[in-house]
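*Asks:* with the input below, show me the fold.
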Amino acid sequence: MDLGSYMEKIVSKYKEVKYVGKISREYEVTKLSYSNRETVIEFNINDSEVTCVSNILTNRRDLYVMLNASNDRDAYLKIEQAIDKPAELEFVDFNKYFLKTDWTLKQLPFIKYFREDGGYYLTSSIVVACIDEICNASIHRIMYVDEEHGAIRIVPRDLYRIYNMYRERGKDTPIAILLGLNPVAELAAATSTSFGLFELKIAAKLLNNNLFVKTPKYGIPVPLQTPIVVEGVISKDNLVDEGPFTDILGLLDTVRKQPVLKIENIYLSKISKLYYHAIVPSLWDHIYLMSFPREALIYVYLTKQYPNVTGVRLTTGSSCWLHAVVSVKQIKPGDARAIGLTVLNIHPSVKHVIVVDDDIDIDNIEMIEWAIATRVKASEDIIVLKDLPGSTLDPRSVNGIGDKVIIDATKPFNEDWSKYRRVQIP
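*Replies:* Numbering: from 1, shown residues only. A predicted model of the protein is given here:
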């Protein structure tokens, strides 16, 4: 299912969708999205045929609907099962379903979201690259340079590895850029997997749709229902200034030299409507797509080792990235600290972990604060770990190296509950 079908068949049935007409490429979608959180904003950029939408994922309910899940655990396990047993792909003829165009990057919905940003960006680009039968799909921001070139931000993960493998062979990296896919595919592309596991096979399993095509020039596998497919290469030699750009924390990422992306062909689907997901940096779409696969990973790994874990949250106050809260039904002394350490190992970007008892609602920040206020003795229950690898997004880190904190906000194991149990409203 493409984004247009997802909008028509699912989103429009439970959320308000507001079409705001044609708007500028600069700032307007950011203001509209921020001031209308629970409304899906649909719009067109003044000089583009592509229909854009923002605010698809603004709360956890949206995630459950997207994954056809009833609760956290159901959603986590669906993701885990799709990773464990991804779909086998079936291929059909590309030319039957796609039309080559004379479009350039000028026709695509590059947007400048904040005044501080260094340029106009695509923010939901799923970039697919393959080498030696290994394929990777991941979301990357792309900055507009000119009609045929962009700057692509590549962090040291799987695409970076493939890019360097091609460079070692003296070659540019062939890629396909996919725009307008179902948000389930975006979620899959945001998932951290082992090198060699193709993320779009995970999406195919979650969507129960394994029909794919291969791009004409480079034979790169893409889902049949992709509205816009761009073929091109990442230059092995050419770099350009990219940024600054607003990151998930609402802070300004720095200017870096990043690889140049050269566009060769743009294809439009004959069967899918031209939709594009305008992810506003640091707002809800960005936060939930980037963080939820990590939260699922934390839950799955934790509960295998500690079945007494009852809940996990990456907290919205930290943009669902730097803070984690875990609830646990204590079985033995030391559980809380061991769980905190495990969280830091599973998701190293986490900076502070709070572990609470299972009577604390982890979606209620006041209850979490209450647990800290009543169950923590600082000299015993706050553990500071110095100079550990963390998130490069943390402005208090130095090249991603910084301090971590585990707060054991659980009842002291050997003390009676009567001293720590909150009374209930009659």
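*Asks:* and the spatially most central residue of the chain, what element?
*Replies:* For the chain, the residue nearest the mean C-alpha position is residue 290 (2.1 Å; C-alpha atoms, centre = their mean). In this assignment (DSSP states H and E), residue 290 forms part of helix 284-305.
*Asks:* now that helix - C-alpha only, PDB.
*Replies:* The C-alpha coordinates for helix 284-305 follow below in PDB (Å, rounded to 0.1, in the frame of the first residue of the first chain):
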ATOM      1  CA  TRP A 284       6.100  14.000  15.900                       C
ATOM      2  CA  ASP A 285       6.400  12.200  12.600                       C
ATOM      3  CA  HIS A 286      10.200  12.400  12.900                       C
ATOM      4  CA  ILE A 287      10.300  11.500  16.600                       C
ATOM      5  CA  TYR A 288       8.000   8.400  16.300                       C
ATOM      6  CA  LEU A 289       9.500   7.000  13.100                       C
ATOM      7  CA  MET A 290      13.000   7.300  14.400                       C
ATOM      8  CA  SER A 291      12.400   6.100  17.900                       C
ATOM      9  CA  PHE A 292       9.700   3.400  17.900                       C
ATOM     10  CA  PRO A 293      11.900   0.700  16.300                       C
ATOM     11  CA  ARG A 294      14.500   1.400  19.000                       C
ATOM     12  CA  GLU A 295      11.800   1.200  21.700                       C
ATOM     13  CA  ALA A 296      10.700  -2.200  20.300                       C
ATOM     14  CA  LEU A 297      14.300  -3.400  20.300                       C
ATOM     15  CA  ILE A 298      14.800  -2.400  23.900                       C
ATOM     16  CA  TYR A 299      11.600  -4.200  25.000                       C
ATOM     17  CA  VAL A 300      12.200  -7.400  23.100                       C
ATOM     18  CA  TYR A 301      15.800  -7.700  24.300                       C
ATOM     19  CA  LEU A 302      15.000  -6.700  27.900                       C
ATOM     20  CA  THR A 303      12.100  -9.100  28.300                       C
ATOM     21  CA  LYS A 304      14.100 -12.000  27.000                       C
ATOM     22  CA  GLN A 305      16.600 -11.500  29.800                       C
END
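*Asks:* what packs against that helix?
*Replies:* Packing partners of helix 284-305 (3 or more C-beta pairs under 8 Å, 6 or more residues apart in numbering; DSSP states H and E): helix 60-67, helix 72-84, helix 183-189, strand 309-314, helix 335-346. From N, CA and C alone the C-beta is placed, and that goes for glycine too.
*Asks:* what lines up beside the shortest one in the sheet?
*Replies:* In the sheet containing strand 309-314, the strands it pairs with under DSSP bridges are strand 323-328 (antiparallel).
*Asks:* quote the end-to-end distance of stretch 316-328.
*Replies:* Using C-alpha to C-alpha, to the nearest Å, the end-to-end distance of stretch 316-328 comes out at 20 Å.
*Asks:* nothing else from me, thank you.
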